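S.K.: the sequence and its predicted three-dimensional model are supplied below.
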Amino acid sequence: MSEATALVRLQEIDLTLLRLSKAADQLPQRGKVVAARAASKKVMSELTKIMGQRKDVEIELADLEDCKKLLEGHVAECQEQAKDVVDYRDTLDLEEQLSLLAKKLEKVDFDTERLLERLETVERAERNAEALKARLAKEEQALTESWRQAAADITEQAGKLKAERADIVSGISPELLDRYEKARKRFGGVAVETLVGNKPSACRVTLQPSSFADIRRSASEVTTCPYCKRILVVSQEA
Ligand SMILES: [Zn+2]
């Protein structure tokens, strides 16, 4: 392989490596994984809130149950006392107490009913959030796997190209390589152009007949483009 051919291949490799590196950074899975993680975080915080609400309702229900037992105890006591009461006044007093206890029990039952409805709502919300959490975790896992696979494919391609690059570089003189590296920085990647007819491939400015004749006459494979100053490969004969 001639030095000019090696130089053209070197640039192809470097441009492909650049493209692969950009592709790795811009893999669509990356953004999707980030979005899935953000969604999971939101669901987790929602779930924590819902679980807190459920525990609050459960505590309130337990309190009401204790309250009910206490009231029922009082009712039993009053009914026990009523058996022995003979005095009219005491009877009235006990009846009043029993009526008051009945009202309190009614209120406890009403509150319990209301809280049970609330518990049902909260438990439904908790189930939905749990299901969403599981679905998101599965999605994130699949996306991460697909991301890992795509990144591994790119790394493999890049690895092969880097090995070829090392081989190619050994066939290029240090001076030309140095020129190439400097031009690569200066021109943002495309440092080498080839001649297509009488037009350089990168700047595409048609060479003046005199320049074209000069280049042809010099018989060197590699020169400098008179317009854009890139490395101009005139011929790539093996
Ligand atoms: Zn040019």
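M.R.: Yep, it's here.
S.K.: and the chain, which residues reach the ion?
M.R.: Residues of the chain lying close to the ion by CB under 5 Å from the ion are 200, 203, 225, 227-228. C-betas here are computed from N, CA, C, even on glycine.
S.K.: can I get those residues in JSON lines with pLDDT?
M.R.: Written out in JSON lines, the entries for those read as follows (pLDDT from 0 to 100):
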{"residue": "200", "pLDDT": "94"}
{"residue": "203", "pLDDT": "94"}
{"residue": "225", "pLDDT": "94"}
{"residue": "227", "pLDDT": "93"}
{"residue": "228", "pLDDT": "95"}
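S.K.: let's have the residues you listed in JSON lines, adding neighbour count and secondary structure.
M.R.: Written out in JSON lines, the entries for these read as follows (neighbours: other CB atoms under 10 Å; DSSP: H, G, I helix; E, B strand; the rest coil):
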{"residue": "200", "neighbour count": "22", "secondary structure": "strand"}
{"residue": "203", "neighbour count": "16", "secondary structure": "coil"}
{"residue": "225", "neighbour count": "21", "secondary structure": "coil"}
{"residue": "227", "neighbour count": "17", "secondary structure": "coil"}
{"residue": "228", "neighbour count": "16", "secondary structure": "coil"}
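S.K.: what's the longest strand along the chain packed up against?
M.R.: For the chain, the longest strand by residue count, based on DSSP state E, is strand 192-196. Identification of packing neighbours for strand 192-196 by 3 or more CB pairs under 8 Å, 6 or more residues apart in numbering; DSSP states H and E yields helix 3-25, strand 231-233.
S.K.: among the ones you listed, which is the most enclosed?
M.R.: The densest packing among the helices and strands packed on strand 192-196, expressed as mean neighbour count by mean count of other CB atoms under 10 Å, is seen in strand 231-233 with a mean of 24.
S.K.: quick one, what contacts residue 67?
M.R.: With contact taken as CB atoms under 8 Å, 6 or more residues apart in numbering, residue 67 is in contact with residue 108.
S.K.: residue ranges with poor pLDDT in the chain?
M.R.: Confidence mapping of the chain against pLDDT under 70 gives the ranges 237-238.
S.K.: no more questions from me, cheers.
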